[in-house]
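Engineer: Predicted model follows, preceded by the sequence.
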Amino acid sequence: MATKRAMPKTEYVIEPGKQEIITTTILDAPRELVFRAYTEPDLFGQWWGPRRYKAQIEKFDSRPGGEWRVVHVGEDGSRHSFRGVNHDVVAPERICTTFEYEGVPGHVALQTATFESLGNKTRLVAQQLFQSVMDRDGMVASGMKDGADESMERLAEVLENLKAGK
């Protein structure tokens, strides 16, 4: 009988009237593996976004100044495109990038992910800073938490496979 592994739990800090969202997730993998899953396009495409979409990686340059663009394609053919520019990438500690949903152009958030080693685990803290409270509240209203939770579950699965050498 297969044992069901515990899925990561993400804590959200979304304070009224503020322009940011801060998430904290403890992942059961060394930070070097978590960082790889964030910076290697073949791994990133396996976990980023809800399961109901296939991630098409169109651009993915993980260096400072490098651009990224990912399109989520639904079974019904729907397409949702996201893009950004990496401003700071310090392996395996931090990634700072912009994030823009192309369906609502001009609303750009700045995201900083930090990867803290906890022995064989990693504390992933992500801060998203929005241009306005309205932009932040729009992101929350869009169902962002469900998508983020599902992404973290998928990331945990990718990390398990990496740890097992798959």
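Structural biologist: Cool, the structure landed. Numbering: from 1, shown residues only.
Engineer: Show the contacting residues for the nearest residue to Lys54 once chain neighbours are set aside.
Structural biologist: Counting by C-beta to C-beta, 6 or more residues apart in numbering, Lys54 lies nearest to Val73, which is 5.0 Å off, once chain neighbours are set aside. Every residue, glycine included, has its C-beta placed from N, CA and C. By C-beta atoms under 8 Å, 6 or more residues apart in numbering, Val73 lies in contact with 53-56, 79.
Engineer: And Val73, how far from Glu100?
Structural biologist: As for Val73, its distance to Glu100 is 18 Å (criterion: C-beta to C-beta, to the nearest Å).
Engineer: With Gln127 instead?
Structural biologist: Taken as C-beta to C-beta, the span from Gln127 to Glu100 is 17 Å.
Engineer: cool, and Val125?
Structural biologist: 22 Å.
Engineer: would you turn the contacts of Val73 into TSV with neighbour count, secondary structure and distance to Met139?
Structural biologist: What follows is the contacts of Val73, written out as TSV (neighbours: other C-beta atoms under 10 Å; DSSP: H, G, I helix; E, B strand; the rest coil; distance: C-beta to C-beta, whole Å):
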residue	neighbour count	secondary structure	distance to Met139
Tyr53	18	strand	17
Lys54	12	strand	22
Ala55	19	strand	19
Gln56	13	strand	22
Arg79	12	strand	19
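Engineer: Kindly indicate which of those lies nearest Asp42.
Structural biologist: Ala55 (10.4 Å; C-beta to C-beta).
Engineer: what residues are up against the most centrally placed residue in the chain?
Structural biologist: Nearest to the mean C-alpha position of the chain, by C-alpha atoms, centre = their mean, lies Trp48 at 5.9 Å. Neighbouring residues of Trp48 by C-beta under 8 Å, 6+ apart: 55, 70, 151, 154.
Engineer: give me that answer again for 7 Å
Structural biologist: By C-beta atoms under 7 Å, 6 or more residues apart in numbering, Trp48 lies in contact with 55, 70, 151.
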